[in-house]
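Trainee: starting from these lines, generate the structure:
(chains A and B)
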Amino acid sequence: MIGGLFIYNHKGEVLISRVYRDDIGRNAVDAFRVNVIHARQQVRSPVTNIARTSFFHVKRSNIWLAAVTKQNVNAAMVFEFLYKMCDVMTAYFGKISEENIKNNFVLIYELLDEILDFGYPQNSETGALKTFITQTGIKSQSKEEQSQITSQVTGQIGWRREGIKYRRNELFLDVLESVNLLMSPQGQVLSAHVSGRVVMKSYLSGMPECKFGMNDKIVIDKQGKGGATEEAAGKSDLGGSGGGGGKQSIAIDDCTFHQCVRLSKFDAERSISFIPPDGECELMRYRTTKDIILPFRVIPLVREVGRTKLEVKVVIKSNFKPSLLAQKIEVRIPTPLNTSGVQVICMKGKAKYKASENAIVWKIKRMAGMKESQISAEIELLPTNDKKKWARPPISMNFEVPFAPSGLKVRYLKVFEPKLNYSDHDVIKWVRYIGRSGIYETRC
Amino acid sequence: MLSVMFRFHVCAGEIFELKAELNSDKKEKKKEAVKKVIASMTVGKDVSALFPDVVNCMQTDNLELKKLVYLYLMNYAKSQPDMAIMAVNTFVKDCEDPNPLIRALAVRTMGCIRVDKITEYLCEPLRKCLKDEDPYVRKTAAVCVAKLHDINAQLVEDQGFLDTLKDLISDSNPMVVANAVAALSEIAESHPNSNLLDLNPQSINKLLTALNECTEWGQIFILDCLANYTPRDDRESQSICERVTPRLSHANSAVVLSAVKVLMKFMEMLPKDLDYYGTLLKKLAPPLVTLLSAEPELQYVALRNINLIVQKRPEILKHEMKVFFVKYNDPIYVKLEKLDIMIRLASQANIAQVLAELKEYATEVDVDFVRKAVRAIGRCAIKVEQSAERCVSTLLDLIQTKVNYVVQEAIVVIKDIFRKYPNKYESVIATLCENLDSLDEPEARAAMIWIVGEYAERIDNADELLESFLEGFHDESTQVQLQLLTAIVKLFLKKPTETQELVQQVLSLATQDSDNPDLRDRGYIYWRLLSTDPVAAKEVVLAEKPLISEETDLIEPTLLEELICHIGTLASVYHKPPSAFVEGSRGVMHKRLPAQGTESPDVGNVAGGSAPEAAPSIIPSQGDLLGDLLNLDLAPPTTTGPPPPTSGMQMGGMDLLGGGLDSLTFLLWYPQVWLPAMKAKGLEISGTFARRAGVIQMELVLTNKAMSVMTDFAIQFNRNSFGLAPAGPLQVLTPLGPNQTIEVSLPLSTVGPVMKMDPLNNLQVAVKNNIDVFYFSCQYPISMLFVEDGKMERQVFLATWKDIPNDNESQFQIQDCHLNSDAASNKLQGSNIFTIAKRTVEGQDMLYMAIKLSNGIWVLAELKMQAGNPNYTVSLGTRRDGEQHY
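Mentor: Residues are numbered from 1 along each chain as shown, chains lettered A, B, ... in the order given. Next up is the predicted model:
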């Protein structure tokens, strides 16, 4: 298990050092500094072995977090723990910076004592930790309060405390997707996938039991066979604003869930039920590769006119409902290294040649669906005797659209809280879809 | 040097000031002072002088202050054990506190104070806390048992904490269960055969239930523990798999990887024609792909594991090539790993795509990555025959770029392509030769020279090319020198007329002017071959070479199996078994995959099967001394390495020369770790014994695993059965730096003081260095004491043999030994066991043998062998009473 945990600043000075195991000595602190922090260039792996001691590190801005061990630990767990540690610290005092760490070092030691015992990670959910690691001096808790804390920390629902109350029960669902594309110059899709996240922000009283439904192909097909179900009621609530096609259901390649979701239930019935943590959480991540709505198509045309001139014409076409607007559109057209001058003409937006980035950057603020726009450029080249041909890097694109390119739709999110007197209908629910470009490239 | 910067001492004034503040009446001031102390401690200043003052602050109702004081205690208690006792009362009192948070804090901290005196006081509070009504206290106490075990294992066993811990596996609270599992797994690791976890279907069921309810970390502990279990049959295996698969959708990658480990392992037991088997295979791919969208560090861990998984079960990810394509922004360590997996997954179906990608990568900036990409192109050519031509032309394009390291790497891989497809792509040789001058790396130079030598008949100026290399022969690396020698000999055999001078030149350079024994030997062999029989030389040197295999860099199957059992852990990241990087007893057990259709529950037991064949280094046989030494001596000659484990000589009759011998276990002739680094402040000693030219040698290997230099080594023996003593001082002249290893051989004499040891061949050794004195004991093979003048006159032998009283004689069998009597007697003679007479009676060979020990005692033996019967009967006897106790 983890033998010790060190936090360093960018110079390699120790800000926090907590040793859990006897086999880790003080010299380990120095070993990491000398071999990793001061040898930045040579570090080719996040796991380093120095004199039979293994160091795992992650970096947040210019702060190094290192976990140390001499045993055959679960490496994935150590990294997950280090990320979690960062999340917890951020939740307590904001950005992870040298100053914040120095100002909160007592708190950090207290947290480290709690979330790592003899190198074994313990409950590290901020919601639970905040109930008893407060830094405001210990209040004299009543016996009930104490046992409530301990049962929460060790309990099955370690991520939520009891007795939360809101005047208005409200929840927000964000479906955030990034769409990735690699297209050939002829318009053939070489690879495309969407990686999406469902982020939930909930302000609900008590211990609400939630059920989340989406247009997952497996569920819809099952229901098709099984006849009508109770799900119909929820559908009207959260119709969602679909983007392009009128697809009924989507095939999800794989999904992972926040630990509040009952996985065995998902495995058996494919239903997503959970008691959410208070506030924000990433409920689910998913990946799809089939029937993706590609919001834009890029049609490039590059012509070499002699040895010193290139003519480039790029057309972009938006491919979604005309009533929707795409935003923050940016097309990046790479230019050869020996470019001497560029002349651009575009009908919409602004385009500029950026010599330092070897690219023409074309920006359009907004663009509605089913439209097209065009840019043409003349690129002057310096004559070179370089035999190497220009590699023609792909044209890349950035944008944001108000729908989910995967076609995912939230069908319902039902809330039950049997102990308190509010029902599913009293909860105000909001759903938002945002599709962003991931790596969206067209070869030319 | 830099560490000095941060480790300055606190000046006296500062200490004084802190002292005053610590003893202040004001709570706030006290707290601030303790904070300052902790801050100094963090940066490595020594504030141990404040121990009593800080401990005085311990009795407070302020939980925050208490935690700070505890933190201080954990750090300094070890250096001030007597003072630490002062804190015990408060701990014991806190363990009774009505607030469960305080009870838990007290027991948690107490476990971290590694002072013997305190651990004694810990037992009672711990016992109570293990049965506390509050789950928070119980889960903390569970971990505390592991802490205590680490300090004093015996105490934990005596106090019965292990049983209480086992009971906690049935606790109602999932987190208590998870921590108990973690603690037990850790303790079990240091007791490989204890069966501590006692996994059975009932307890497995409990674990699987807790799995659904506990925290993400608890799930990892439980899954890692489950992976050590071996189900009784395929049905049980399937039902566990079914209950583990939901974990594949967990957001925590470690949970996913641990679940993959359990599934990969249990899958071995499922019949391949089962529908479920196919379903399971399909279920594994998506979560593995999803791991690649995690943070880069986790991607790295995942990729190292996927590398193992695709070697074990390529079918899982064979359609997922695209996800391993390198992204521009990936960190270099992710890029390199992805590249490795791409090559493993390359097949005829996807080769076009792969090649296009690799070509892109070869134009990137990172030198290592580019080299690996170029090498990958070569490996694709070798793996997928249809693509070879395209690969070669891609490589030629890359050579045209004239980027130095790209060219060199390309030449190295083209050499491999030539070895796979001989006489197919020689057209490219001309292009290669153009780049001769730019090659400055030994590997590339050697590759180019090989190509020139191999295709000498097609290269007009081959002799000129090789001659140009010959000019700086002595500055070349060995690799290049050897290659050059071979290439010129090849050239000579192909074009003898023009190159006679050249070959003579290289032969004289290699044999006369070189210090390198390999080079000289190879030179002499060629010289002799060429001068005696040129035809034979041609057959040898220009023989057809075996084709190189398609898959390279594959992990050896048994290691792969072991690593699969370690998915998710450091072992899987390093691709090394845990014993290679973990010190001490932990992790030395070799885990193995279960066999399909295992019926018996004890195969691959909890410990992962530490059966003899899994750990061939020490065979814990019950055999007795004489049996042992015969067994040994029939095996291949000594000191050359371990006898093959399959030699199949099993000891028959065990009780031969009296009970005293039974306890002797025998040693094999290769180094064993006598003193682990953990026990000797970083000094590791391993060694072996040998008899060379009549002198007994103790061969020691000293390794410095500490971070400081070691000097002033000396060695001494305790009195022992045969009076062994060092014949000279330990010859370690130079200081031993960190991570350095030195081999020393120490001649021994047998004139030291004698004392009978138990076991007889036990030797107690003390080694001293500048740090401390360390003690260890080891056992030597009796056979090294056999002296060379053990030949006995026939008559004397006969007389002695008759003299031996019947009760001093014993018999046993050596089974399955396929040697005839002459071979056996020759072999034995090598170890100073002399055959005095041989007789053949009724088809049985009888060998009469004598052994003389260094202390003058004779042992006589009769060996009966029957042709065709691999079992030998040995009768042994010594003349005098008492001697039999050897």
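
Trainee: name the SS class of residue A:437, please.
Mentor: The assignment at residue A:437 comes out as strand when based on DSSP: H, G, I helix; E, B strand; the rest coil.

Trainee: would you confirm that residue A:364 belongs to a strand?
Mentor: Yes. Assignment of residue A:364 by three-state DSSP places it within a strand.

Trainee: what pLDDT is listed against it?
Mentor: On pLDDT, residue A:364 comes in at 94.

Trainee: which non-adjacent residue is nearest it?
Mentor: Distance criterion Cβ to Cβ, 6 or more residues apart in numbering or on different chains; nearest residue to residue A:364, sequence neighbours excluded, is residue A:349 at 3.3 Å. Every C-beta, even on glycine, is put in place using the N, C-alpha and C of the backbone.

Trainee: where in the stretch 201-350 of chain B is pLDDT low?
Mentor: Scanning the stretch 201-350 of chain B for pLDDT under 70 picks out no residues.

Trainee: do a quick rundown of the helices in it.
Mentor: Assigned by DSSP state H, counting those that start in this stretch, the helices in the stretch 201-350 of chain B fall at B:201-213, B:216-226, B:234-244, B:253-267, B:275-291, B:296-312, B:332-345.

Trainee: quick check on residue B:730: phi, psi?
Mentor: Main-chain dihedrals, residue B:730, degrees, to the nearest 10: phi -70, psi 120.

Trainee: repeat that for residue A:212.
Mentor: When read as degrees, to the nearest 10, the backbone of residue A:212 gives phi -110, psi 130.

Trainee: and the closest residue to it other than its chain neighbours, what does it touch?
Mentor: Nearest residue to residue A:212, sequence neighbours excluded (Cβ to Cβ, 6+ apart): residue A:272, at 4.3 Å. The contact partners of residue A:272, by Cβ atoms under 8 Å, 6 or more residues apart in numbering or on different chains, come to A:211-213, A:257, A:261, A:266, A:283-284.

Trainee: narrow these to those in strands?
Mentor: Secondary structure from DSSP state E places A:211-213, A:257, A:283-284 of the contacts of residue A:272 in strands.

Trainee: how far away is residue B:583 from residue B:684?
Mentor: As judged by Cβ to Cβ, to the nearest Å, residue B:583 and residue B:684 stand 8 Å apart.

Trainee: do residue B:822 as well
Mentor: According to Cβ to Cβ, residue B:822 stands 43 Å off from residue B:684.

Trainee: cool, and residue B:214?
Mentor: Distance from residue B:214 to residue B:684, by Cβ to Cβ: 39 Å.

Trainee: which of the two has more neighbours?
Mentor: Remark: of residue B:214 and residue B:684, residue B:214 carries more neighbours, 28 against 20, as counted by other Cβ atoms under 10 Å in any protein chain shown.

Trainee: centroid-nearest residue for chain B?
Mentor: residue B:580 (2.7 Å; Cα atoms, centre = their mean).

Trainee: these two touch, right, that one and residue B:574?
Mentor: Yes. Here residue B:580 reaches residue B:574: they are 7.4 Å apart, a contact under Cβ atoms under 8 Å.

Trainee: residue B:143 touches residue B:185, doesn't it?
Mentor: No. In this structure residue B:143 lies outside contact range of residue B:185 using Cβ under 8 Å: 11.8 Å.

Trainee: higher neighbour count, the two?
Mentor: Taking other Cβ under 10 Å, residue B:143 and residue B:185 do not tie; residue B:143 has more neighbours (23 against 19).

Trainee: any idea which element that one lies in?
Mentor: Assigned by DSSP states H and E, residue B:143 falls within helix B:135-151.

Trainee: hmm, that helix in reach of chain A?
Mentor: Yes. For helix B:135-151, a contact with chain A is found by Cβ under 8 Å from any Cβ of the partner chain, at B:135-137, B:139-140, B:143-144, B:146-147, B:150.

Trainee: which residues of the stretch 1-150 of chain B lie near chain A?
Mentor: Residues of the stretch 1-150 of chain B lying close to chain A by Cβ under 8 Å from any Cβ are B:2-3, B:6, B:35, B:38-39, B:42-44, B:61-64, B:67-68, B:70-71, B:75, B:98-101, B:104, B:108, B:111-112, B:114, B:134-137, B:139-140, B:143-144, B:146-147, B:150.

Trainee: again, only using 7 Å
Mentor: For the stretch 1-150 of chain B, the residues in contact with chain A (Cβ under 7 Å from any Cβ of the partner chain) are B:2-3, B:6, B:35, B:38-39, B:42-44, B:62-64, B:67-68, B:71, B:98-101, B:108, B:114, B:134-136, B:139-140, B:143, B:146-147, B:150.

Trainee: now stretch B:288-297: how far from the chain's centre is it?
Mentor: Relative to the centre of its chain, stretch B:288-297 is centred 28 Å away, using Cα atoms, centre = their mean, to the nearest Å.

Trainee: that one close to chain A?
Mentor: Yes. Against chain A, stretch B:288-297 shows contacts by Cβ under 7 Å from any Cβ at B:289-290, B:293, B:295, B:297.

Trainee: first-to-last residue distance for that stretch?
Mentor: End-to-end distance for stretch B:288-297, by Cα to Cα, to the nearest Å: 15 Å.

Trainee: list the contacts of that stretch.
Mentor: A:46, A:58, A:79, A:83, A:195, A:254, A:256, A:287, B:253, B:256, B:260, B:298-299, B:302, B:306, B:317, B:320, B:323, B:331, B:334 (Cβ atoms under 7 Å, 6 or more residues apart in numbering or on different chains).

Trainee: next helix or strand past the helix holding residue B:143?
Mentor: Using DSSP H and E, the helix or strand that follows helix B:135-151 in sequence is helix B:153-158.

Trainee: near chain A, anything from whichever helix or strand comes after that following helix?
Mentor: Moving toward the C-terminus from helix B:153-158, the next helix or strand (DSSP H and E) is helix B:161-168. No. Helix B:161-168 stays out of contact with chain A when judged by Cβ under 7 Å from any Cβ, the minimum separation being 12.5 Å.

Trainee: could you count how many residues lie near residue 108?
Mentor: As the question left the chain open, I've gone with chain A. 24.

Trainee: actually, chain B is the one I wanted.
Mentor: If we define neighbours as other Cβ under 10 Å, then residue B:108 has 23 of them.

Trainee: setting aside sequence neighbours, what's the nearest residue to it?
Mentor: The shortest distance from residue B:108 to any non-neighbouring residue, by Cβ to Cβ, 6+ apart, is to residue B:140 (5.0 Å).
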